[in-house]
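**Student:** Attaching a predicted model along with its sequence, questions to come.
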Amino acid sequence: MESAIAPRPRTQSLNDVRAVIPAECYEPSRAKGLLALIQAALLYLVPLTLLALTDTWWAVLLLWAAAGLAVAGLFVLGHDASHGALFRSRRANRVVAVACMVPSAHVEAAWNLGHNRIHHGYTTREGFDFVWHPVTVAEYAEMSKLERLRHRLEWSALGSGAYYLRVVWWEKMWRFAATGKHAPAIRRDKRALGALLGITLVATAIVGTLAGGWFDAIWFPIKLIVVPFLIFTQVIGWTVYVHHVSPEIRWWKRREWSQYKGQMESTTILRIPRIFNRLWFHNIFVHVPHHVDARIPFHQLPAAATAIEQAYPDTVIDTRFAPSDYLRVTRSCKLYDFDAGNWLGYSAAIG
C-alpha cells in the first residue's frame, strides 16, 4: 500500500510538500514562546549589565561575544513573530517582533516587506531575491576596482557582516524608500525606532558621563550598543549566507524558477552544536521547513523537517555544519553562471 507521505516529484508543487507536514506542526505553544523570550531577554540583559560594570579587556571581549549572540537570539524570535508564527495572536506577534528587533536596530515593517514577502516569496530567483544575490562574470567585469575590492571583502569568509550591514540593513531597510500600501507603516516604524535608538544612545552617554566623565560618555554607547550590534550583523550575515550559498545550492533564472525550486532545492538544513541552537538560534538552521511554510513555529521545525525529508529524501539538503565546509564554500562561491546554474571562482572573470 502506498505511503501517505510518498514523494510527488511529477508536480513539484509546494502545496504537495505542505500536505505532508503534520497539522500539529502549525500549533504554536504559548509556554514555549514565552520561555524562549524570557531566556533571550536574560541572555541579553546579563552580559549588558556586566559590560557596564567592567572594563577588564578579556571580560569585555567575552561579554561582547555573549551580547552579540544575544542580540541575534532576540532577532531570531522577532523574525519568528514577524512571520506570525510565535503566538496565535496577531497583535502579540507584532508587539514581540518590534520589541525583539530593537537591539538589532531593525525596522520591523521594512523587514516584513523585504524578508517575509520578497526573500521568502522569491527565494534564489534572479533579480528578485536580494539576499546574497550572486554577481555574474559580466557584472563583475563591469565593476570598478573599488567595487571589486568590496565584493571580495563581502564574499570572503569574514565578510558576511559587512555584506549584511550594507545590503540588507542599510540599503534594503533604512535607506529604502517604500511606496504603495507598505509605505506608511515603514515610515512610522522608522521614526519610532530612530527616536528610540537616539534616546538610548543619549541615555547611555549620560550614564557614562556620570560614571567616568567624557571618555566614558563616548565609550559606554560603543561598548553597550554599537559593538554588540556589529557582532550581531556578523552572526546573522553568516547565518543567512550558509542558508542560501553553497556549490550544492542553485540560483535560478526568472523563467526557470518556481516556488518548489526556491524553497526546497535552494536552502538547507544544517546541524549545528546543540548548545548554540538551544541558547540562541531556536532551530533557524532547520531552514527548509521554514521556507516551505513560514507559519511553522520554531519549536515545531524539527518535526516538520522529519516529515518533509521522509517524503522528499532526494531533494532536501541536510548536513552537519563544519567550519571547513564553510571555508570551502567561501573559496568557491564568488560569481555565478545563471545559464549553467553553477557557482564560479574569480578566475572565471580573468581574460
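**Tutor:** Perfect, thanks for sending it. Residues are numbered from 1 along each chain as shown.

**Student:** Which single helix of the protein contains the most residues?
**Tutor:** Longest helix in the chain by number of residues, with DSSP state H as the criterion: helix 183-212.

**Student:** Now do the buried residues in it.
**Tutor:** 185, 186, 189, 190, 193, 200, 201, 204, 205, 207, 208 (16 or more other Cβ atoms under 10 Å). The way it works is simple: take the backbone N, C-alpha and C, and place the C-beta from them, glycine included.

**Student:** Nearest to residue 98 among those?
**Tutor:** Of all those, residue 98 sits closest to residue 189, with 7.3 Å by Cβ to Cβ.

**Student:** Give the residue spans of the chain that score low on pLDDT.
**Tutor:** Counting by pLDDT under 70, the chain contains low-confidence residues at 1-11, 351.

**Student:** repeat that for 90
**Tutor:** 1-13, 176-182, 211-213, 349-351 (pLDDT under 90).

**Student:** ok so, going back, tell me which other helices or strands the longest helix of the chain touches.
**Tutor:** In terms of contacts (3 or more Cβ pairs under 8 Å, 6 or more residues apart in numbering; DSSP states H and E), helix 183-212 is packed against helix 108-111, helix 214-221.

**Student:** Compute the inter-axis angle for the longest one and helix 183-212.
**Tutor:** Read that as helix 214-221. Helix 214-221 and helix 183-212 are oriented at 140 degrees to each other (axes from the mean of the first three to the mean of the last three Cα atoms, to 10 degrees).

**Student:** so how far is the longest helix of the chain off the chain centroid?
**Tutor:** On the basis of Cα atoms, centre = their mean, to the nearest Å, helix 183-212 sits 23 Å off its chain's mean C-alpha point.

**Student:** picking that back up, distance to residue 241 added to the buried residues of helix 183-212, as JSON lines?
**Tutor:** Conversion of the buried residues of helix 183-212 to JSON lines gives the following (distance: Cβ to Cβ, whole Å):
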{"residue": "185", "distance to residue 241": "28"}
{"residue": "186", "distance to residue 241": "25"}
{"residue": "189", "distance to residue 241": "26"}
{"residue": "190", "distance to residue 241": "26"}
{"residue": "193", "distance to residue 241": "25"}
{"residue": "200", "distance to residue 241": "29"}
{"residue": "201", "distance to residue 241": "29"}
{"residue": "204", "distance to residue 241": "31"}
{"residue": "205", "distance to residue 241": "34"}
{"residue": "207", "distance to residue 241": "36"}
{"residue": "208", "distance to residue 241": "35"}
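
**Student:** Let me know the closest of those residues to residue 75.
**Tutor:** Out of the buried residues of helix 183-212, the member with the shortest distance to residue 75 (by Cβ to Cβ) is residue 193, at 13.5 Å.

**Student:** ok so, going back, ok, which of the helices and strands packed on helix 183-212 comes nearest residue 324?
**Tutor:** helix 108-111 (32.3 Å).

**Student:** next helix or strand past the closest one?
**Tutor:** helix 137-141 (DSSP states H and E).

**Student:** coming back round to it: closest one to residue 344 among the helices and strands packed on helix 183-212?
**Tutor:** helix 108-111 (31.1 Å).

**Student:** who are the neighbours of that closest one, in terms of helices and strands?
**Tutor:** Using 3+ Cβ pairs under 8 Å, 6+ apart, helix 108-111 sits against helix 57-82, helix 90-100, helix 183-212.

**Student:** sorry, back to before: nearest to residue 307 among the buried residues of helix 183-212?
**Tutor:** residue 185 (34.8 Å).

**Student:** Excluding covalently adjacent residues, which one is nearest to the closest one?
**Tutor:** residue 109 (4.0 Å; Cβ to Cβ, 6 or more residues apart in numbering).

**Student:** same deal with residue 205?
**Tutor:** residue 217 (4.6 Å).

**Student:** Surely the one you found touches residue 211?
**Tutor:** No. Counting by Cβ atoms under 8 Å, residue 217 stays clear of residue 211, with 9.0 Å between them.

**Student:** Not counting its neighbours along the chain, what's nearest residue 122?
**Tutor:** residue 128 (3.6 Å).

**Student:** Give me the contact list for stretch 173-185.
**Tutor:** 106, 107, 109, 110, 111, 112, 113, 114, 186, 187, 190 (Cβ atoms under 8 Å, 6 or more residues apart in numbering).

**Student:** Just put these in a markdown table and tack on distance to residue 67.
**Tutor:** Formatted as a markdown table, these follow (distance: Cβ to Cβ, whole Å):
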| residue | distance to residue 67 |
| --- | --- |
| 106 | 16 |
| 107 | 21 |
| 109 | 26 |
| 110 | 24 |
| 111 | 21 |
| 112 | 26 |
| 113 | 28 |
| 114 | 25 |
| 186 | 28 |
| 187 | 30 |
| 190 | 24 |
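
**Student:** of these, closest to residue 248?
**Tutor:** So of these, ranked by how close each gets to residue 248 (Cβ to Cβ), first place is residue 114, at 25.6 Å.

**Student:** Run through the residues that contact the closest one.
**Tutor:** Per Cβ under 8 Å, 6+ apart, neighbours of residue 114: 130, 168, 172, 173, 176.

**Student:** number of nearby residues for the last one?
**Tutor:** The number of residues packed around residue 176, counting by other Cβ atoms under 10 Å, is 15.

**Student:** How is it classified with respect to secondary structure?
**Tutor:** coil (DSSP: H, G, I helix; E, B strand; the rest coil).

**Student:** Compute the distance between it and residue 120, please.
**Tutor:** As judged by Cβ to Cβ, to the nearest Å, residue 176 and residue 120 stand 17 Å apart.
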